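below: sequence and its predicted model.
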Amino acid sequence: MDRLRALEVFVEVVKRDGFARAAAALDTSPANVTRYISDLEAHLQTRLLNRSSRKMSLTSSGEALYERARSILDDVAEAEAIVGAAALQPHGVLRINAPLSFGVLHLAPLWARFMRLYPEVQLDVSLIDRVVDIVDEGYDMAVRISRSGSASNVARKLATSRNVLCAAPAYLQQHGMPLTPADLLDHACIGYSYAANADEWQMLDQQGQPQVVKVRCVMHTNNGDTARAAALGGMCIIWQPTFLIGDDLRAGRLQRVLPDYRLPDMDVLAVYPSRRHLSAKVRVMIDFLAQELAGAPWDAEG
């Protein structure tokens with residue numbers, strides 16, 4: 001038995017002073033109303049209504065339940081109104097997880113604008129490069145940089161980031177420019193610690209065919225800024241996303257290596273647990289990021 005529904009039916013019967021009128025108000029049949037009242041009395045093991053062919057009245061137990069049931073239903077209606085308003089209006093704490101470098105470079109400058117647009121939303125932003133479990137760790141959403149999407153959550157693509165092989169001009173002057181992917185074995189490279197195999201890089205040729213290239217890594221790191229700093233210091237060849245090194249390429253501080261080959265692109269994703277009952281604060285944040293990151297601003301010319 002749906003006890004809340006049974007209480008609703010009971011209160012309506014008393015208010016309408018009859019089963020048929022209650023059934024009409026609840027858009028159900030008198031038989032259903034009778035069943036709910038009978039089930040409720042059986043559950044409580046007491047008679048709630050004195051019924052005759054001409055008259056209906058409350059028993060003492062019915063009177064006590066009627067007042068309490070009205071209060072319960074009022075509380076439920078108030079709670080539904082509060083939750084419903086929160087679902088429509090962005091409000092409350094929004095916990096977001098994002099990768100460290102991307103979060104600092106491309107999300108942090110956006111937060112002030114978002115907070116001016118939605119002053120009732122309080123941001124709680126955590127920058128961690130590892131992939132977090134959104135539900136288990138209590139996040140409302142995450143921004144991820146990925147080739148493979150998200151298997152356990154819903155994901156919306158916000159932008160694309162290209163990956164580029166590059167090195168400082170000073171390094172290339174000293175060690176020469178590699179002409180083929182196989183030449184990378186003769187060069188110092190930096191591998192990404194979180195990659196499945198940091199010493200093998202997957203590249204695409206001009207026909208888009210993949211090649212797995214063995215490289216000689218003199219260093220491994222789980223942080224793109226560290227790899228970038230080493231490359232800017234003339235230490236090595238790196239592959240990094242344009243959201244991190246786009247300015248360096250435009251300014252000439254880094255130079256593309258093997259420009260006829262490319263690495264697979266990465267998707268910038270907004271990841272959240274479910275499409276159903278998406279809260280307003282998550283919805284407006286995803287729409288906001290999609291608008292701000294459209295066209296991959298890190299790849300802009302000039």
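Sure thing, it's come through.

show me what contacts residue 228?
Residue 228 sits next to 238, 240, 244-245, 248 when contact means Cβ atoms under 8 Å, 6 or more residues apart in numbering. For every residue, glycine as well, the C-beta is placed using N, CA and C.

7 Å instead, please
Residues near residue 228 by Cβ atoms under 7 Å, 6 or more residues apart in numbering: 238, 240, 244-245.

out of those, which are inside helices?
244-245 (DSSP state H).

of all the contacts of residue 228, which two lie farthest apart?
Greatest spatial distance among the contacts of residue 228 (Cβ to Cβ): 238 and 244, at 9.7 Å.

look at those two and report which has more neighbours.
Per other Cβ atoms under 10 Å, whichever of residue 238 and residue 244 has more neighbours is residue 238, with 29 against 22.

return the residues in contact with the residue nearest to residue 17 when sequence neighbours are not counted.
Spatially, and ignoring its direct neighbours in sequence, residue 17 is nearest to residue 56 (6.6 Å; Cβ to Cβ, 6 or more residues apart in numbering). Shown in contact with residue 56 (Cβ under 7 Å, 6+ apart): 17-18, 49-50.

domains of this structure?
Domain assignment for the chain by automatic domain parsing gives 3-88, 92-159+268-299, 163-256.

mind putting the ones you listed in TSV, mean pLDDT included?
Formatted as TSV, the domains of the chain follow (pLDDT from 0 to 100):
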stretch	mean pLDDT
domain 3-88	80
domain 92-159+268-299	88
domain 163-256	91
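
of all those domains, which lies closest to residue 262?
domain 163-256 (5.2 Å).

what's the neighbour count on the spatially closest residue to residue 241 that is not a sequence neighbour?
Nearest residue to residue 241 in three dimensions, chain neighbours excluded: residue 161, at 4.3 Å (Cβ to Cβ, 6+ apart). The number of residues packed near residue 161 is 22, by other Cβ under 10 Å.

what do you get for residue 52?
7.

now, which of the contacts of residue 56 lie within strands?
Counting by DSSP state E, the part of those found in strands is 49-50.

for residue 92, what are phi and psi?
Main-chain torsions, residue 92, degrees, to the nearest 10: phi 100, psi -180.

against residue 120, how distant is it?
Distance check for residue 92 against residue 120: by Cβ to Cβ, to the nearest Å, it reads 8 Å.

out of the contacts of residue 56, who's the most crowded?
residue 49 leads the contacts of residue 56 on contacts (other Cβ under 10 Å) with 18 neighbours.

bridged to that one, which residues?
Following DSSP bridges, residue 49 is listed with bridge partners residue 58.

residue 62 is in contact with that one, correct?
Yes. Between residue 49 and residue 62 there is a contact at 5.6 Å, judged by Cβ atoms under 7 Å.

assign a three-state SS to the residue located most distally from the centre of the chain, would you?
Centroid-distance maximum for the chain: residue 54 at 60.2 Å, with Cα atoms, centre = their mean. Applying DSSP: H, G, I helix; E, B strand; the rest coil to residue 54 yields a three-state assignment of coil.

roughly how far does it sit from residue 16?
Residue 54 is 16 Å from residue 16, by Cβ to Cβ.

next: residue 116.
In terms of Cβ to Cβ, residue 116 sits 51 Å off from residue 16.

the two: which is more packed in?
Taking other Cβ under 10 Å, residue 116 and residue 16 do not tie; residue 16 has more neighbours (16 against 8).

in this structure that one contacts residue 25, no?
Yes. Assessed by Cβ under 7 Å, residue 16 is found in contact with residue 25 at 5.9 Å.
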